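Participant: Need a 3D model of the sequence below.
(chains A and B)
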Amino acid sequence: MRDEATFRVKVGLAEMLKGGVIMDVVTPEEAKIAEDAGAAAVMALERVPADIRRDGGVARMSDPVMIKGIQEAVSIPVMAKARIGHFAEAQVLESLQVDFIDESEVLTPADHAHHIDKWPFKVPFVCGATNLGEALRRIGEGAAMIRSKGEAGTGDIVEAVRHLREITGEIRKLTMLDEAELFVAAKELRAPYDLVRKTAQDGTLPVPMFCAGGIATPADASLVMQLGAQAVFVGSGIFKSEDPAPRARAIVEATTHYADPARVAAASEGLGQPMQSLETRKLEESELLAGRGW
Amino acid sequence: MIVGVLALQGDFEAHARVLTELGAEVREVRVPADLEGLDGLVMPGGESTTMTLGIEREGLGDPLRAFAATGAPIFGTCAGLIMLDREHLGIMDITARRNAFGRQVRSFEADLDFPDIDGPPVRAVFIRAPWIDDAGPEVEILAEVDGHPVAARQGSLFVISFHPELGDDTRLHARFLEDVRAR
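Facilitator: Numbering: from 1, shown residues only, chains lettered A, B, ... in the order given. Have a look, this model is predicted:
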């Protein structure tokens, strides 16, 4: 008996990406550079978050031609983004056979109340989260991977750190609760009770947790891995930097050796200028992306 | 008994957890010095291009070939199977076809009968899995899907294109540890 697209098969691909770096790319050439630098997967999109932020307007799913070009250029998994709640974009991405769909706050939301029901899809989904309740709601909807949201396109790691600490701290608190208290915790987290209970028992999220949003340097990758992320997404941080290929290789190396400061130091040498960055605290409320998602 | 798990990228922690549950002492392997004194090695699943580049960067190619030449048991799963083939480390006399079953939408789980594993079939999880396109005369094929070999043995080398570490069936890891103990 052969079963495709079981939840275990979906989470299985997330498991395979652990310890790796997933890089945003906008052309087949960039995808090849990413693959040759050791990326575990690429995220195919028309504009990296820094440019989406700069351009403003409505950000949507990418042109299928661009996604197909990238699928042909590399043999590693190819991910693509759909707008929050835009299940038709997700259906299109599934028909293109992308390997993972990111229901992403980086694009303009298509629904202000509902996320995509991810269970009917054969392609696994990754969703962003800023706290444990949000993460468990997304898993309840069928997400096979959770990533911190961070604040995409800034090159500022502070929000990703906040989200990772929020999630891991809340998990630690859950593990201290007794059975009666878990019902209250589920209510307060606004998350499915079964997932709250499982998380409390295991002391970890039911699916892999990766970090995204603001990673620009090898040391950033080491920081978030030490804070409990199991792999990293790098959006604008590579191809908006002065010299993308060496920086891409360096972030891959630092992700493998995140616990060895001497190796992170060696990887950090002579990389040129990182991406042009924005301090998140100086952004207007309306410019923040992490608040998108419900 | 110390068993290494190649930890450059991939689901090495899942393997380490299963091996630890089965009573093995586990060491993560990232640099050649980590291979010192190991009794066996697991090459985990993950992205084979990422692992190939990592092996190159760390100078692990020759040390891994030397380790295999000692006859120490090596268990390669998915990307680990690919790493061991003729076109990568050249340790095993097989040629793997990457992503042979297709993209992620074609990933699947299925029951597999295994010749030297007692009990019910093994529930095998295939993630963008490879199969073995060609195998030399010393390679014994252990299991197939759609007529394509997905598990094989050659002396101390044991390879499968799926992921027992993602389920709760520990029999294949236990089988590998028997080989490690028997040495």
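Participant: alpha carbons only for contacts and neighbour counts from here, please
Facilitator: Will do.
Participant: Spit out the contact partners of the residue in chain B sticking out farthest from the centre.
Facilitator: Of all residues in chain B, residue B:105 has its C-alpha farthest from the mean position, at 23.0 Å, by Cα atoms, centre = their mean. With contact taken as Cα atoms under 8 Å, 6 or more residues apart in numbering or on different chains, residue B:105 is in contact with A:4-5, A:97, A:99, A:122-123.
Participant: May I see those arranged in CSV, with secondary structure as well?
Facilitator: As requested, the contacts of residue B:105 are exported to CSV (DSSP: H, G, I helix; E, B strand; the rest coil):
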residue, secondary structure
A:4, strand
A:5, coil
A:97, coil
A:99, coil
A:122, coil
A:123, coil
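Participant: Buried ones in the helix or strand bottoming out on mean pLDDT in chain A, by neighbour count?
Facilitator: Least confident helix or strand, chain A: helix A:49-55 with a mean of 89, by mean pLDDT, DSSP states H and E. Under the neighbour-count criterion of 16 or more other Cα atoms under 10 Å in any protein chain shown, helix A:49-55 has A:49-50, A:52-53 buried.
Participant: ok now it, how far from the chain's centre?
Facilitator: Between the centre of helix A:49-55 and the centre of its chain there are 17 Å (Cα atoms, centre = their mean, to the nearest Å).
Participant: Pull up the residues of chain A that are close to chain B.
Facilitator: With the criterion set to Cα under 8 Å from any Cα of the partner chain, chain A comes near chain B through A:1-6, A:8-9, A:12-13, A:15-20, A:35-40, A:76-77, A:97-100, A:122-123, A:253, A:256-257.
Participant: what number of residues lie near residue 77?
Facilitator: Using chain A here. Residues near residue A:77, counting by other Cα atoms under 10 Å in any protein chain shown, number 23.
Participant: Chain B, not that one
Facilitator: Residue B:77: 28 neighbours (other Cα under 10 Å).
Participant: my read: it touches residue B:159, true?
Facilitator: Yes. Between residue B:77 and residue B:159 a contact is recorded at 5.8 Å, counting by Cα atoms under 8 Å.
Participant: Just the strands from chain A, written as ranges.
Facilitator: Assigned by DSSP state E, chain A shows strands spanning A:2-4, A:21-25, A:41-44, A:78-83, A:100-104, A:125-129, A:145-148, A:209-210, A:232-234.
Participant: With mean pLDDT and mean neighbour count as added columns, please give the ones you listed in a markdown table.
Facilitator: Formatted as a markdown table, the entries for those read as follows, by pLDDT from 0 to 100; neighbours: other Cα atoms under 10 Å in any protein chain shown:
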| stretch | mean pLDDT | mean neighbour count |
| --- | --- | --- |
| strand A:2-4 | 92 | 14 |
| strand A:21-25 | 97 | 28 |
| strand A:41-44 | 97 | 28 |
| strand A:78-83 | 98 | 26 |
| strand A:100-104 | 98 | 26 |
| strand A:125-129 | 98 | 29 |
| strand A:145-148 | 97 | 28 |
| strand A:209-210 | 98 | 28 |
| strand A:232-234 | 97 | 28 |
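Participant: Same list (those strands) but as a markdown table, adding distance to residue A:115.
Facilitator: Conversion of the strands of chain A to a markdown table gives the following (distance: least, Cα to Cα, whole Å):
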| stretch | distance to residue A:115 |
| --- | --- |
| strand A:2-4 | 24 |
| strand A:21-25 | 23 |
| strand A:41-44 | 20 |
| strand A:78-83 | 9 |
| strand A:100-104 | 8 |
| strand A:125-129 | 10 |
| strand A:145-148 | 14 |
| strand A:209-210 | 19 |
| strand A:232-234 | 21 |
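Participant: between the ones you listed, which one is nearest to residue B:59?
Facilitator: Closest to residue B:59 of the strands of chain A, according to Cα to Cα: strand A:21-25, at 20.5 Å.
Participant: what lines up beside that closest one in the sheet?
Facilitator: strand A:41-44 (parallel), strand A:232-234 (parallel) (DSSP bridges).
Participant: Any chance of CSV for those, columns distance to residue A:142?
Facilitator: Formatted as CSV, the strands paired with strand A:21-25 follow (distance: least, Cα to Cα, whole Å):
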stretch, distance to residue A:142
strand A:41-44, 20
strand A:232-234, 20
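Participant: How about the residues of chain B by chain A?
Facilitator: Near chain A, when you scan chain B using Cα under 8 Å from any Cα, you find B:7-11, B:30, B:45-47, B:49-51, B:53-54, B:103-111, B:125-128, B:166.
Participant: Leaving out sequence neighbours, find the closest residue to residue 144.
Facilitator: In the absence of a named chain, this looks at chain A. Counting by Cα to Cα, 6 or more residues apart in numbering or on different chains, residue A:11 is the residue found nearest to residue A:144 once chain neighbours are left out, at 4.9 Å.
Participant: Chain B, not that one
Facilitator: residue B:150 (5.2 Å).
Participant: is it true that that neighbour touches residue B:135?
Facilitator: No. With contacts counted by Cα under 8 Å, residue B:150 stays clear of residue B:135, the gap being 11.4 Å.
Participant: Please, where are all the strands along chain B?
Facilitator: B:2-6, B:25-29, B:40-43, B:74-77, B:94-97, B:108-112, B:122-126, B:131-135, B:140-145, B:148-154, B:157-160.
Participant: Is it possible to get a markdown table of those strands that adds mean pLDDT and distance to residue A:231?
Facilitator: What follows is these, written out as a markdown table (pLDDT from 0 to 100; distance: least, Cα to Cα, whole Å):
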| stretch | mean pLDDT | distance to residue A:231 |
| --- | --- | --- |
| strand B:2-6 | 98 | 16 |
| strand B:25-29 | 98 | 17 |
| strand B:40-43 | 98 | 19 |
| strand B:74-77 | 98 | 20 |
| strand B:94-97 | 98 | 26 |
| strand B:108-112 | 95 | 23 |
| strand B:122-126 | 95 | 21 |
| strand B:131-135 | 98 | 27 |
| strand B:140-145 | 96 | 31 |
| strand B:148-154 | 98 | 28 |
| strand B:157-160 | 98 | 25 |
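Participant: Distance to residue B:179 added to the ones you listed, as TSV?
Facilitator: Below are the strands of chain B laid out as TSV (distance: least, Cα to Cα, whole Å):
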stretch	distance to residue B:179
strand B:2-6	12
strand B:25-29	15
strand B:40-43	9
strand B:74-77	9
strand B:94-97	21
strand B:108-112	21
strand B:122-126	19
strand B:131-135	22
strand B:140-145	16
strand B:148-154	12
strand B:157-160	10
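Participant: what about the ones you listed, which gets the closest to residue A:236?
Facilitator: strand B:2-6 (30.0 Å).
Participant: and the longest helix for chain A?
Facilitator: Of all the segments of type helix in chain A, defined by DSSP state H, the longest one is helix A:158-174.
Participant: what's that helix packed up against?
Facilitator: helix A:132-140, strand A:145-148, helix A:193-202, helix A:218-226 (3 or more Cα pairs under 8 Å, 6 or more residues apart in numbering or on different chains; DSSP states H and E).
Participant: Can you lay out these as CSV showing distance to residue A:212?
Facilitator: Listed next are these as CSV, based on distance: least, Cα to Cα, whole Å:
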stretch, distance to residue A:212
helix A:132-140, 14
strand A:145-148, 5
helix A:193-202, 21
helix A:218-226, 9
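Participant: Most tightly packed of those?
Facilitator: strand A:145-148 (a mean of 28; mean count of other Cα atoms under 10 Å in any protein chain shown).
Participant: circling back: quick check: the gap between the residue nearest to residue B:144 and residue A:10.
Facilitator: 20 Å (Cα to Cα, to the nearest Å).
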